[in-house]
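Chemist: Show me the folded form of this:
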Amino acid sequence: MRLVTDDERRARLGRRHALAAPDRAADAEAATRAVTVLHSTEPATVYLSCHARVDDLAVADVDHALYDDRTLVKQLAMRRTLFVFPRDLLPAAWGSASARVAAAELKRMAKDVEKAGIATDGERWVLEARTAVGDAIARRPDGLTAVEVRELLPEVAVKFDVTAGSVWNHGRILTHLGLTAEIVRGTNTQHWRLSRPRWTTMADWLGPDGPAADDQPLDAAAGYRELVGRWLRSFGPGTEDDLVWWLGATKAAVRGALADLDAVAVDLEGGGTGWLLPDDLDEVTPPPSWAALLPVLDPTVMGWRDRAWYLGDHGPALFDRNGNAGTTVWVDGRVVGTWVQDDAGVVHTRLLEPVPDAAARAVDAEARRLTEWLDGVRVGTVYPSPAMKAARTEVTA
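Modeler: Sure, this is the predicted structure:
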């Protein structure tokens, strides 16, 4: 097996993820394809991830891809996480990662309903609630907000404690209908930093030009094969553990996909076996030196389970206790710091290790570029890393 060094992995990352200046993407859709899917747990991440990868991108350009052309679509999938998918990749997720999460979530919801005494047959109650909500949304081609669903269907919008600090509401029904691709987060009714969608049927949202014939999910094996193939193109080489974690799937599913793709095993510098697609074995030419400022939960920092080759020892400073990545500063395929905004919206970086003078100037240039793009808009997060908290304290002192 040929050896793929950490330097080569960093070169691949810079080029494949559209972060090195010569390799930046043409638009929001291309930026998304560069990393397979975008994290959308926090809505601002989608915009900031695209900005980092596209020159001269406007907020309206991302909105256009999401809500007008609909070449990018929000879908709950791997690890019960909300992502933005390229439209043609949706059927792969529907039949594999989303279906897996939907089955597990249905069982959890049924147990919660029974435990709260809402119904003795929790699964039946959930399925009937799904039908009621789906029918209400189907009668409104422009969709319904969660508030409107609550007002229309008070019998579904019941509230009860699930666990300490966790309350059931009808949002879980909406989420489950989204998992099974019956509805989708449509037009956003709030600022791009916030998520207040009008839930719309998937058929209405995608229209006659859906991502696949009759918009049918691929079977599980075919779906995982497509997802793994896209991931390897963006993130390879990666280990089996990387893929199991990213997909939220089983080793059997990952091994089956790797076999179907004729993936090729390679040695990794840090030890272990990685995988590449059979037409992607050539060494990648390193890009010119580059710097990037990536947002909370950006797919590049979240893309692998084993991260030492690009994080070094900075993991505890850059991730919260639940494994959520904060903002990151990158130089030539390695994370070297974090960034925050001050009260005026100016972006400030905090490096966790020394970098060459040229790299420091490139980081400063990216901070100015992001400050100008945000134009005073401050982006908050519920996932601040320890490094972000420290940096925020410094800039507001």
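
Chemist: For burial, what's the neighbour tally of Arg392?
Modeler: When neighbours are defined as other CB atoms under 10 Å, Arg392 has 17 of them. All C-beta spots, glycine's among them, are computed from the backbone N, C-alpha and C.

Chemist: List the buried residues in the helix or strand that contains it.
Modeler: Assigned by DSSP states H and E, Arg392 belongs to helix 386-396. Of all the residues in helix 386-396, those buried under the rule 16 or more other CB atoms under 10 Å are Ala387, Met388, Ala391, Arg392, Val395.

Chemist: For it, name the packing helices and strands.
Modeler: Counting contacts by 3 or more CB pairs under 8 Å, 6 or more residues apart in numbering; DSSP states H and E, helix 386-396 is packed against helix 315-318, strand 334-341, strand 347-351.

Chemist: what's next to it, contact-wise?
Modeler: 314, 316-318, 320, 326-327, 337-343, 348-350, 352, 381, 384 (CB atoms under 8 Å, 6 or more residues apart in numbering).

Chemist: Please, where are all the strands along the stretch 1-150 of the chain?
Modeler: In the stretch 1-150 of the chain, the segments counted as strands under DSSP state E, counting those that start in this stretch are 3-4, 38-39, 72-76, 82-86.

Chemist: Reformat these as TSV; add mean pLDDT.
Modeler: As requested, the strands of the stretch 1-150 of the chain are exported to TSV (pLDDT from 0 to 100):
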stretch	mean pLDDT
strand 3-4	97
strand 38-39	98
strand 72-76	97
strand 82-86	98
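
Chemist: Assess the claim that Val347 and Trp339 are in contact.
Modeler: Yes. Proximity of Val347 to Trp339 meets the contact threshold set by CB atoms under 8 Å, at 5.6 Å.

Chemist: list residues touching both of these two?
Modeler: Shared contacts of Val347 and Trp339, counting by CB under 8 Å, 6+ apart, come down to Leu293, Ala367, Leu370.

Chemist: State the pLDDT value of Asp343.
Modeler: Note for Asp343: predicted pLDDT of 95.

Chemist: brain fart, Ala212
Modeler: 52.

Chemist: Between the two ends of stretch 33-43, how far is it?
Modeler: End-to-end distance for stretch 33-43: 18 Å, by CA to CA, to the nearest Å.

Chemist: For Arg193, see how far away Thr381 is.
Modeler: Distance of Thr381 to Arg193, computed by CB to CB, to the nearest Å: 10 Å.

Chemist: Quickly list what's touching both of the two.
Modeler: With CB under 8 Å, 6+ apart, Thr381 and Arg193 have common neighbours Ala44.
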